[in-house]
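Engineer: curious how this folds, go ahead:
(2 chains, ligands or ions: 2)
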Amino acid sequence: MRDEHATRTNLLLLWRPLAFIALLLLLWEIGIRRQASHLLPGPWGVVGGIVDLVRHGLLLKYIVASLFRVTWGFALAVVTAIPLGLAVGWYRRAEMALNPILQILRPISPLAWIPIAILWFGVGDLAAIFLIFVGCFFPLMLTAIDAVQSIPAVYVNAGRNFGLSSAALVYRVLYPAVVPKLIVGLRITLGIAWLVVVAAEMIAVSSGLGFLIVDARNAGNRYDLVVAGMLIIGIIGLLLDLGMQSLEKVKSFRWGYSED
Amino acid sequence: MSSMQPIAAPLPFTLKTKLSVDRVSMVFERDGNRTEVLNNINLEVGDGEFVCLLGPSGCGKTTLLNAMAGFLSPTSGEIKVDGEAVRRPNPRRIFVFQERGVFPWLTVEGNIGFGLSKVTKAEREQRIAYYVKMVGLQGFEKTYPQELSGGMKQRLEVARALAVNPDMLLLDEPFGALDSITRLVMRGELLRIWEAERKTVIFVTHDIDEAVQLADRVVVMSARPASIRQIVNIDIAHPRDISAPRYLELRDGIFQQIGLAHKV
Ligand SMILES: Nc1ncnc2c1ncn2[C@@H]1O[C@H](COP(=O)(O)OP(=O)(O)OP(=O)(O)O)[C@@H](O)[C@H]1O
Ligand SMILES: [Mg+2]
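Structural biologist: Ligands and ions are numbered 1, 2, ... in the order given. Have a look, this model is predicted:
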């Protein structure tokens, strides 16, 4: 009874955005037919572009190339920035010492690092991975610092009261207490990583979805491929975000997102 | 039934001393401001005794309890438990927090079993089941705290404390956030548990009635910097009749001691 109700609401929820997308596609097609075909390829053109990419075996190859770089850059940032941020947040003096540097480095767009990335790593995967790493490192570290500092003292005191060793305190109290905030930070940061990889691929490598977009333009103004690339970037970004979002539903994390 | 028999108010010198607070003072210094919070506190608590610390808001009750637990060290003086100086927290004396101290990332079972990592799995499960039952949370074993009511969370925290079998419970206004009916029920539950397990209980409150209903002795503290104004023996057997003349007499005595007329 309840399930039936739930599926019906789900369908209703899906119905609206789908109808809206269909409407936009229709308006797009109409607009292009009437006059603006030199400004943008039409939806059918874009579909054709995607089919073209699949036929040449490029679509999967480029998606894998982009995801490969994002995975490495993001993972490296996660395993360095989070432990470092947790430690720095825990020791208030370290935080006071580091904070000014972090505040200066943080607002520098990862794209400003492109020349240095190429200088250090040459044109190739490493440069792109480095750029993603830089783009993810600072937001993750700041999230981790903030997460530790906002752990209520009662949890730490309760942990100590039950006789936990320092190591046990870290993995039985500090870690579970920061996870909900970290997940939010990870979700935002993965979004940043996906933004950065496209930009990095436009300059520092010759494969991937970002490369696809500049290459399609440079090699013969194939704007159908440009828009196809953009669309695929958008869809993959959405899927990544939905994946991270599903972590927020895990029962032992959910307390961190309650409304009250 | 033990609760029906009159319990003579235990005097500290008839019981083995569990806790002794010896000339304890506490001064906080922050941003160049000196705050004197505790001023020469002397107190002995017997083994198995139920003592209420009663005092106005902000006088230093939580500070004193924190020092007893080992979370803070006094600026001067010494606190001893079983003759040994308190230097750090210890699972033999568990602090039950004024704020919600249950871990929201663990279920009811997980919380009660939190301090039981050193016992065997079988024993852990058995103790969890025992204390789930004692605090009346059967059926909620797999529930996360966010789905429990305030009173249930308080009971859960008490169960988590009892599960490690401490000698002493330090309770900081544990029922302060509950509605008045739940508060009454919880007082009864706490007394029932105390009579069953005979822990030494130090119970902080700023509610005079609560203190007189629960305690063997009520320690009346002054405003900050807190010193002990008086220690009142509550020589009434449990269950206490809260309209009995002796109860009212003791309660009014404390009201007067604190300098409040009990007319609104
Ligand atoms: N770490 C600290 N640094 C500076 N001052 C503190 C600190 N902890 C407590 N105080 C001060 O000590 C005084 C007593 O605080 P405490 O929390 O012990 O009072 P309390 O009797 O428990 O009050 P309440 O009934 O409101 O809980 C307060 O004035 C408080 O501001
Ligand atoms: Mg207090």
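Engineer: for the rest of this, base every contact and every neighbour count on C-alpha atoms.
Structural biologist: OK.
Engineer: give the contact list for A:Ile63.
Structural biologist: The contact partners of A:Ile63, by Cα atoms under 8 Å, 6 or more residues apart in numbering or on different chains, come to A:Gly208, A:Leu209.
Engineer: helix, strand or coil for it?
Structural biologist: What DSSP: H, G, I helix; E, B strand; the rest coil gives for A:Ile63 is helix.
Engineer: how much space between it and A:Gly85?
Structural biologist: From A:Ile63 across to A:Gly85, the span is 31 Å (Cα to Cα, to the nearest Å).
Engineer: any idea how far the residue nearest to A:Val54 when sequence neighbours are not counted is from A:Asp215?
Structural biologist: In space, and not counting its chain neighbours, A:Val54 is closest to A:Leu60: 7.3 Å by Cα to Cα, 6 or more residues apart in numbering or on different chains. Remark: distance between A:Leu60 and A:Asp215 (Cα to Cα) = 16 Å.
Engineer: neighbours of the residue nearest to A:Val54, how many?
Structural biologist: A:Leu60 has 14 neighbours, counted by other Cα atoms under 10 Å in any protein chain shown.
Engineer: just the element for residue 20, please.
Structural biologist: In the absence of a named chain, chain A is used. helix A:2-34 (DSSP states H and E).
Engineer: nope, chain B please
Structural biologist: Counting by DSSP H and E, B:Ser20 is part of strand B:17-30.
Engineer: ok, residues contacting that strand?
Structural biologist: B:34-47, B:74-83, B:200.
Engineer: ok, stretch A:28-43 next?
Structural biologist: A:Leu25, A:Tyr223, A:Asp224, A:Val227.
Engineer: quick one: buried ones out of the contacts of strand B:17-30?
Structural biologist: B:36-47, B:74, B:78-81, B:200 (16 or more other Cα atoms under 10 Å in any protein chain shown).
Engineer: show me which of those residues neighbour ligand 1.
Structural biologist: Applying Cα under 6 Å from any ligand atom to the buried ones among the contacts of strand B:17-30, one finds that B:Val37 fall near ligand 1.
Engineer: re earlier: pick the one among the contacts of stretch A:28-43 closest to A:Pro152.
Structural biologist: Nearest to A:Pro152 among the contacts of stretch A:28-43, counting by Cα to Cα, is A:Val227 at 48.1 Å.
Engineer: break down chain B into its strands, ranges please.
Structural biologist: B:17-30, B:33-46, B:50-54, B:76-81, B:84-85, B:93-96, B:168-172, B:200-205, B:217-221, B:228-233 (DSSP state E).
Engineer: distance from the chain centre to stretch B:240-259, please.
Structural biologist: The chain centre lies 21 Å from the centre of stretch B:240-259; the measure is Cα atoms, centre = their mean, to the nearest Å.
Engineer: what residues sit buried inside that stretch?
Structural biologist: Going by neighbour count (16+ other Cα under 10 Å), the buried part of stretch B:240-259 is B:Tyr247, B:Leu250, B:Arg251, B:Asp252, B:Ile254, B:Ile258.
Engineer: which residues touch it?
Structural biologist: With Cα under 8 Å, 6+ apart as the criterion, stretch B:240-259 contacts B:Ile208, B:Asp209, B:Val212, B:Gln213, B:Val220, B:Ser222, B:Val232, B:Ile234, B:Ile236, B:Ala261, B:His262.
Engineer: any idea how far the residue located most distally from the centre of chain B is from A:Ser150?
Structural biologist: Distance from the C-alpha centroid of chain B, by Cα atoms, centre = their mean, peaks at B:Gly32 (32.8 Å). Distance of B:Gly32 to A:Ser150, given as Cα to Cα: 25 Å.
Engineer: equivalent analysis for A:Leu59, please.
Structural biologist: Distance, A:Leu59 to A:Ser150, using Cα to Cα: 44 Å.
Engineer: dihedrals phi and psi, the residue of the stretch 101-250 of chain A found nearest ligand 1?
Structural biologist: Proximity of the stretch 101-250 of chain A to ligand 1 (Cα to the nearest ligand atom) peaks at A:Ala153, 11.6 Å away. Dihedral angles of A:Ala153 (phi, psi; degrees, to the nearest 10) stand at phi -60, psi -30.
Engineer: which parts of chain A are helices?
Structural biologist: Secondary structure of chain A, counting by DSSP state H: helices at A:2-34, A:43-55, A:58-90, A:92-105, A:114-121, A:125-149, A:153-161, A:166-169, A:175-203, A:209-218, A:223-247.
Engineer: so which of those gets nearest B:Val132?
Structural biologist: Closest among the helices of chain A, using Cα to Cα: helix A:153-161, at 19.3 Å.
Engineer: can you pull the buried residues of the closest one?
Structural biologist: A:Val154, A:Tyr155, A:Val156, A:Asn157, A:Ala158, A:Gly159, A:Arg160, A:Asn161.
Engineer: could you report the neighbour count for the residue nearest to B:Val96 when sequence neighbours are not counted?
Structural biologist: The shortest distance from B:Val96 to any non-neighbouring residue, by Cα to Cα, 6+ apart, is to B:Leu171 (4.8 Å). Residues near B:Leu171, counting by other Cα under 10 Å, number 22.
Engineer: OK, contacts around A:Arg160?
Structural biologist: Contacts of A:Arg160 (Cα under 8 Å, 6+ apart): A:Leu169, B:Pro89, B:Asn90.
Engineer: can you pull the pLDDT of the closest residue to ligand 1 within the stretch 151-264 of chain B?
Structural biologist: Nearest residue of the stretch 151-264 of chain B to ligand 1, counting by Cα to the nearest ligand atom: B:His206, 6.2 Å away. B:His206 carries a pLDDT score of 84 in this model.
Engineer: contacts only, for it.
Structural biologist: B:Leu53, B:Leu54, B:Gly55, B:Pro56, B:Ser57, B:Glu173.
Engineer: narrow the residues you listed to just the buried residues.
Structural biologist: The buried subset of those (16+ other Cα under 10 Å) comprises B:Leu53, B:Leu54, B:Gly55, B:Pro56, B:Glu173.
Engineer: of the contacts of stretch B:240-259, grab the buried ones for ChimeraX.
Structural biologist: To isolate the buried ones among the contacts of stretch B:240-259 in ChimeraX, judged by 16+ other Cα under 10 Å, type:
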select /B:208,209,212,213,220,222,232,234,236
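Engineer: filter the contacts of stretch B:240-259 to keep only those in contact with chain A.
Structural biologist: By Cα under 8 Å from any Cα of the partner chain, no member of the contacts of stretch B:240-259 lies near chain A.
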